[in-house]
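Novice: Give me a model of this one.
(chains A and B)
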Amino acid sequence: MNRFWEFANPVRFMSWSGRLLPLLMALAAFTLTVGLVWGFFFTPEAENFGSTVKIIYVHVPAAAMAINIWIMMLVTSLIWLVRRHHVSALAARSAALIGLTMTVIALGTGMVWGEPMWGTWWAWDPRLTSFLVLFLFYLGYMALWAAIEDPDTAADLTSVLAIVGSVFAVLSRYAVNFWNQGLHQGASLSLDKEEHVADVYWVPLVIALVGFGLLFVALLLVRTRSEVRRRRTHALEMRERMADA
Amino acid sequence: MPEVELGKYAFSVLSAWGLSLAALLLLGLVTWRQSLRARRALEEAEARLRARREAREEAGKAVREDRNDE
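Specialist: The predicted structure is shown next:
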């Protein structure tokens, strides 16, 4: 188990992530291209949704990622609080902008989809509302990091926010199961074959989902590496300033 | 590529896809720019530190040489 934590050492992290990144980027580009091109060009219209069913290939993966990224931030924040590994706090910080982008995509595509299907851009439906709250949590999380100068204090406070926000992340995921009075349809992907979308949409959707996941990991590694470099630069500048004093 | 008939929902489908791809592209660009900037800043800080260390070593060497001359 101790060997696992060695990967969180900044020097080792920079080494293994640098080697893994080209492969991850290539895999992400490949799966995203296959999933999205297949979904857009090679799937038929749906009986109920017409051609709007094609929105599913960007809407569902983005929504799933928005929730999962917050859960990942929760895990890395807990690691920071318990074990004080700087890379885990930096990874949580790096994930926030990606999560925010995914939430914006999910909300935006949902609104564009909702207009022709429900006749309205927005409804205070449980899933939509919990997603809006998740969006505000992402904004608050990023603002908190930006507002506090001491990085360790910022990591502590944002970790607490990540724990609180995880309630809404889980709520967003299960809102359609908890309350069925909303406009939003049930889950598109489910372990129960009866529940999820038809096979013709399901396969490209899963590939797009994997593509979004790989893209997230690749972007997360790039952003975390930048954060590690920024912190090292800050340390060197501090050393320079102390030498000057 | 086969031709895709989007019918009366063309605006909705294309705007959803356009928004998503634009957001992902923007995220990629921002990440790439921040990565370049962080790498450059670290290289500059390391170069300054190296130059400082070399200057200190040079100064030390000069002092030692002066002492030897004396």
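
Novice: Flag the shaky bits of chain A, pLDDT-wise.
Specialist: Low-confidence segments of chain A, defined by pLDDT under 70, span residues A:1-4, A:7, A:175-196.

Novice: Which residues of it lie near chain B?
Specialist: Chain A has residues A:37, A:40-42, A:45, A:50-52, A:54-55, A:58-59, A:62, A:97-98, A:101, A:104-105, A:108-109, A:112-113, A:115-116, A:215, A:219, A:222-223, A:225-227, A:229-230, A:232-233, A:236-237, A:239-240, A:243 near chain B, with proximity defined as CB under 8 Å from any CB of the partner chain. All C-beta spots, glycine's among them, are computed from the backbone N, C-alpha and C.

Novice: Poorly predicted segments of chain B, please.
Specialist: Screening chain B residue by residue with the criterion pLDDT under 70, one finds the ranges B:1.

Novice: Which residue would you name as the spatial centre of it?
Specialist: In chain B, the C-alpha closest to the average C-alpha coordinate belongs to B:Leu36, at a distance of 1.2 Å (CA atoms, centre = their mean).

Novice: where's that residue, which helix or strand?
Specialist: Here B:Leu36 sits within helix B:10-69, counting by DSSP states H and E.

Novice: wait, does that helix contact chain A?
Specialist: Yes: counting by CB under 8 Å from any CB, chain A has neighbours in helix B:10-69: B:10, B:12-13, B:15-17, B:19-21, B:23-24, B:26-28, B:30-32, B:34-35, B:37-39, B:41-42, B:45-46, B:48-49, B:52.

Novice: packing partners for whichever helix in chain A runs longest?
Specialist: In chain A, with assignment by DSSP state H, the single longest helix is helix A:199-244. Counting contacts by 3 or more CB pairs under 8 Å, 6 or more residues apart in numbering or on different chains; DSSP states H and E, helix A:199-244 is packed against helix A:10-41, helix A:56-83, helix A:86-118, helix B:10-69.

Novice: I'd like those helices as JSON lines, with distance to A:Ala154 appended.
Specialist: Rendered in JSON lines, the data for the helices and strands packed on helix A:199-244 read as follows (distance: least, CB to CB, whole Å):
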{"stretch": "helix A:10-41", "distance to A:Ala154": "17"}
{"stretch": "helix A:56-83", "distance to A:Ala154": "11"}
{"stretch": "helix A:86-118", "distance to A:Ala154": "8"}
{"stretch": "helix B:10-69", "distance to A:Ala154": "17"}
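
Novice: Nearest to A:Ser130, out of the ones you listed?
Specialist: Closest approach to A:Ser130 among these is made by helix A:56-83 (9.6 Å; CB to CB).

Novice: So for that closest one, what gets flagged as buried?
Specialist: By 16 or more other CB atoms under 10 Å in any protein chain shown, the buried positions in helix A:56-83 come out as A:56-70, A:72-74, A:76-81.

Novice: could you check the angle helix A:86-118 makes with it?
Specialist: 150 degrees (axes from the mean of the first three to the mean of the last three CA atoms, to 10 degrees).
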